[in-house]
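Visitor: next come a sequence and a model predicted from it.
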Amino acid sequence: MNVSMENISTMVEWEVTMVCNYKCNYCTNLNPSLRPVLCEEKIEAFITMLGETYPGVEVFIFGGEPFLHKKIDYIISTFNRLNIPFVIQTNLSNSSQEILNNIDEPFTLQVSIHPTQIAIEDIHIPEDLDIRVIDVMYTGKSAVDYYLKIKERHENVYLTPITDFGDGISNHALKEFNRMRKNPMWRKIINFEEVKRLGKNRSELWESYSPRDKPCLYAGKYFLYAPDMTLYNCCHRVNHNGICSHDKCFLM
């Protein structure tokens with residue numbers, strides 16, 4: 001399968017912490033032993049470096065759950081003070097909301113709703129938050145109910161595929177998601193996530209594309225920083241010479 005590099009720009013991500021209050025079985029961020037940096041001087045030096053190394057690039061902050069980082073308020077204020085664009089991925093659980101409500105700084109959120117981890121009646125999304133997009137993770141047909149409930153009150157809500165690159169529940173859900181996404185009836189009522197940076201819908205590539213022994217699709221374009229600020233050039237948290245040794249790629 002040929003995939004195109006067209007429209008892939010520089011991507012900079014920072015996993016500020018691997019700690020999370022959810023335990024999603026499809027999550028690949030399962031190494032809480034990687035300790036986040038808490039020293040404010042080191043945090044400021046690191047964020048300064050990001051701004052100087054990737055000028056104008058929006059930094060994607062995720063985890064784990066970023067709002068469980070003990071210095072998340074300082075991280076946000078430093079990005080703002082240095083005028084470096086950023087967005088924070090969050091599950092917007094009650095515990096996260098308690099923390100972010102006490103942060104007196106502007107920030108933009110990208111929200112992920114995980115139906116296996118939260119009851120539908122417990123979903124409460126405040127209207128006053130700056131939310132760019134809400135992704136309801138497709139973990140099975142029940143996720144459609146979550147999507148429809150949230151869509152009643154919020155714009156920019158999408159049903160989004162999951163994958164752990166395995167053959168378990170997420171692989172089954174991914175195939176089911178692709179079948180639904182191609183169905184004209186479902187497309188009338190659901191906004192399916194469509195990321196076509198590689199010349200084909202991402203969820204289809206997740207299901208069928210293998211990068212093994214091919215040049216890295218993101219060479220020189222993807223930069224992933226771990227909680228300890230270690231730099232990787234691969235979603236598998238490794239560094240390589242540009243020829244992929246994996247059967248699956250996250251395909252952002």
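Guide: All right, it came through fine.
Visitor: tell me which element residue 135 is part of?
Guide: Using DSSP states H and E, residue 135 sits in strand 131-137.
Visitor: packing partners of that strand?
Guide: strand 109-113, helix 142-151, strand 157-160 (3 or more C-beta pairs under 8 Å, 6 or more residues apart in numbering; DSSP states H and E). Placement of C-beta: from N, CA and C, glycine included.
Visitor: buried residues in the second one, which are they?
Guide: Residues of helix 142-151 classed as buried: 143, 144, 146, 147, 149, 150, 151 (neighbour count, 16 or more other C-beta atoms under 10 Å).
Visitor: and if you look at stretch 33-47?
Guide: Under the neighbour-count criterion of 16+ other C-beta under 10 Å, stretch 33-47 has 34, 36, 37, 43, 44, 46, 47 buried.
Visitor: how about stretch 161-178?
Guide: Buried residues in stretch 161-178, counted by 16+ other C-beta under 10 Å: 161, 162, 163, 164, 165, 170, 171, 173, 174, 176, 177, 178.
Visitor: which ones are touching the closest residue to the first one other than its chain neighbours?
Guide: I take that to be residue 161. In this structure, residue 161 finds its nearest non-sequential neighbour in residue 203, 4.1 Å apart by C-beta to C-beta, 6 or more residues apart in numbering. Contact analysis of residue 203 by C-beta atoms under 8 Å, 6 or more residues apart in numbering lists 161, 174, 177, 178, 181, 193.
Visitor: and residue 163, by the same measure?
Guide: Residue 163 neighbours (C-beta under 8 Å, 6+ apart): 26, 170, 171, 174, 206, 248.
Visitor: one more time with 7 Å, if that's ok
Guide: By C-beta atoms under 7 Å, 6 or more residues apart in numbering, the contact set of residue 163 is 26, 170, 174, 206.
Visitor: redo these as JSON lines? Include distance to residue 223 and pLDDT.
Guide: Listed next are the contacts of residue 163 as JSON lines, based on distance: C-beta to C-beta, whole Å; pLDDT from 0 to 100:
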{"residue": "26", "distance to residue 223": "24", "pLDDT": "85"}
{"residue": "170", "distance to residue 223": "26", "pLDDT": "78"}
{"residue": "174", "distance to residue 223": "26", "pLDDT": "91"}
{"residue": "206", "distance to residue 223": "22", "pLDDT": "89"}
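Visitor: run a quick neighbour tally on residue 62.
Guide: 18 (other C-beta atoms under 10 Å).
Visitor: likewise for residue 71?
Guide: Neighbour count for residue 71, taken as other C-beta under 10 Å: 17.
Visitor: from what I see, it and residue 44 are in contact.
Guide: No. Contact criterion C-beta atoms under 7 Å: residue 71 and residue 44 do not qualify, at 10.4 Å.
Visitor: just to revisit the earlier point, tell me which of the helices and strands packed on strand 131-137 lies nearest to residue 222.
Guide: strand 109-113 (17.6 Å; C-beta to C-beta).
Visitor: and that closest one, average pLDDT?
Guide: Average pLDDT, strand 109-113: 98.
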